[in-house]
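Chemist: One predicted model, sequence on top.
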Amino acid sequence: MIAEKQLKDLHDISSKIRKHIIEMTHFAKSGHPGGSMSVTDIITYLYFNWLNIDPKNPKKEDRDIFVLCKGHGAPALYSAMAVRGFFPEEELKTLRQLGSRLQGHPDMKSIPGIEMSTGSLGQGLSVSVGMCLALKLDKKKNRVYAVMGDGELQEGQVWEAMMSAAHYKCDNLCVFIDNNKQQIDGNIADVMGIEPLADKFRAFGWEVLNINGHDFEQIEDALVMADKVVGKPTVIIADTVKGKGVSFMERQLCFHGAPCNDEQKVLACIELDKKMGVCGCQM
Amino acid sequence: MSDVAATRDYYAKALIALGKKNKNVVVLDADLSGSTRTEKFAKEFPDRFFNAGIAEQDCIGMSAGLACMGKTVFASSFAMFLTGRTWEQIRNSVCYPKLNVKICATHAGITVGEDGASHQALEDIALMRILPNMRVIVPADALEAEQVIHYVAEQPGPFYVRMSRGVTPLVYKEGECDFQLGKNKVLKEGTDLTIMACGIMVKIALEAAEVLKNEHNISAAVVNVASIKPIDEDNICKMASLTGAFVAAEEHTIYGGMGSAVAEVTAKKCPIPIEMLGVMGVFGESGKPDDLLEKHSLNVAGIVAKALAVKSRK
């Protein structure tokens, strides 16, 4: 159970992160707000209530490792990291600008705290498995948390990594699927269906948990359960909504790879401000 | 020791020595550990060997992850699959983040032999050379391979090391090889032309230089271009100035490989005629390695013919 006050804080943080996503992609006139907003609650919970990380010491020895396999969700990650104190929030508006540390997709060389450069879908899970192997080899307790997109599961390499994670008994690995059921060309079921997802992961030897990816209590419960799994990796299939948090953006494919226009940005910020109980829209 | 050896056997020898010296050294393979010889490391250090199965992309991804956590990673398979199937993984998960992964491929080139075109990597030097942050080394023999493996283990960041299947004549004597990244090695001085060679073509170039001297009264220098990236611009310019013509000989397509790398330097700094000897942009086929080399003129006669051609263009 999450205390009421803490729950309210988490909701406020996720609204703040979503507002940053709206503003930074609007300012950049590019980026992927839809899939950033579907994964926001998962990233919010991880960065503000779960991961053993320290913005002042991003390389600390016993830290948990977070890999955003779906690198196009970078605006959500950057916002969470900025709010958490890894770098100034003012820097968010440099997203995708020439010379910025905030590349269109995460670059581990530019920002301390980003554990792996991602963006090309399907590669992050293999990397996460490699990280788990290294941690096990060194008998370290750190855990690896990865977030994949559901569309990303269409990449063949993911299934290779699903095999290796189970084969090498990576119980220090916990993977979220941001299951928003949409990809750039349409609904996943129409473009290239991936179901039955839970059965597939189970058949590959994984512990499978199903949750609502916008419910902090369910996210917490799943993470607690994943911690206790021995001898195999855990996948948390988190049902989410693309564009979550702004009514007119939810489930709208046009916001997969394109930001709000000027008018939409104002409306989106007003809606998110209301959720946080404040007025006015910056930038 | 005998005067022939396989680069892959000395790769394994170097890996075991490194494994004893440095507990951070880990090795991955993709179900070809018997052929690449990484199984020898696996037997010595089972905890530090990871088989990805027949899944090269995952092999490269896992290598990247191990490197993220501070390991010195050697990833092996046949050159065809380790650089071709995985090119984008190497680009985005290894080179872009500049991770400490050594892509060490065996069975490069046409001397794979009987397995045929599907297994004969003739494009791998080109594929690896164009990647930012990647360094590319083609040892001339087993002794140089051993030294190169020790060298790359000490240097952070990505490397591609290209090795062969077969047992090949040694170019160097024990203790004579002194590999340096970005440095050519002049093995024989000459005045009329220079044979720039890498890999198995180095030994053949030395033999060809003898034939050129004895039968054609041509003084040919022979240079081992083991470090293809970074490439030794100074030596290339110096040899261009001294000899005025090159033959570039490699067991690789003539497009994009060592010869192209040399020509990029001469075109920019010291234009001279160059004749490229390699596989002429075609696929290989099944056959005995020596027969395939002969078919593609990757032999003494082939180098001599190119030498005569380039000399006439001076």
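Modeler: Alright, I've got the coordinates.

Chemist: How about the contacts made by A:Ser117?
Modeler: Each residue near A:Ser117 by C-beta atoms under 8 Å, 6 or more residues apart in numbering or on different chains is listed here: A:71, A:105-109, B:92-93, B:96-97. Bear in mind the C-beta positions are built from the backbone N, C-alpha and C, glycine included.

Chemist: give me the element it is part of.
Modeler: Here A:Ser117 sits in a region with no helix or strand, counting by DSSP states H and E.

Chemist: mind checking pLDDT for it?
Modeler: Reading off the confidence values, A:Ser117 has pLDDT 98.

Chemist: Spell out the secondary structure type for the nearest residue to it once chain neighbours are set aside.
Modeler: With C-beta to C-beta, 6 or more residues apart in numbering or on different chains as the criterion, A:Ser117 has its nearest non-adjacent residue at 4.3 Å, and that residue is B:Pro97. Using DSSP: H, G, I helix; E, B strand; the rest coil, the secondary structure recorded for B:Pro97 is coil.

Chemist: count of neighbours near B:Pro97?
Modeler: For B:Pro97, the tally of surrounding residues (other C-beta atoms under 10 Å in any protein chain shown) stands at 24.

Chemist: What distance do you get for it to A:Gly71?
Modeler: Distance, B:Pro97 to A:Gly71, by C-beta to C-beta, to the nearest Å: 12 Å.

Chemist: ditto for A:Asp150
Modeler: A:Asp150 sits 15 Å away from A:Gly71, taking C-beta to C-beta as the criterion.

Chemist: Ok, B:Phe41 next?
Modeler: For B:Phe41, the distance to A:Gly71 (C-beta to C-beta) stands at 33 Å.

Chemist: Please name the nearest non-neighbouring residue to the residue of the stretch 151-300 of chain B at minimum distance from chain A.
Modeler: The shortest separation between the stretch 151-300 of chain B and chain A is 11.6 Å, found at B:Gly157 (distances taken as C-beta to the nearest C-beta). Among residues not flanking B:Gly157 along the chain, B:Lys98 sits closest, at 5.2 Å (C-beta to C-beta, 6+ apart).

Chemist: Could you give me the buried positions within the longest helix seen in chain A?
Modeler: Assignment by DSSP state H gives helix A:4-28 as the longest helix of chain A. For helix A:4-28, the neighbour count (16 or more other C-beta atoms under 10 Å in any protein chain shown) marks A:9-11, A:13-28 as buried.

Chemist: Can you report how many residues neighbour B:Ser286?
Modeler: Other residues within reach of B:Ser286 by the criterion other C-beta under 10 Å amount to 15.

Chemist: same deal with the one 4 residues further on?
Modeler: For B:Asp290, the number of neighbouring residues by other C-beta under 10 Å comes to 13.

Chemist: For whichever strand or helix holds it, name the packing helices and strands.
Modeler: Following DSSP H and E, the helix or strand that holds B:Asp290 is helix B:289-295. Contacts defined by 3 or more C-beta pairs under 8 Å, 6 or more residues apart in numbering or on different chains; DSSP states H and E place helix B:289-295 against no helix or strand at all.

Chemist: avg pLDDT for that helix?
Modeler: Per-region confidence: helix B:289-295 scores 98 on mean pLDDT.
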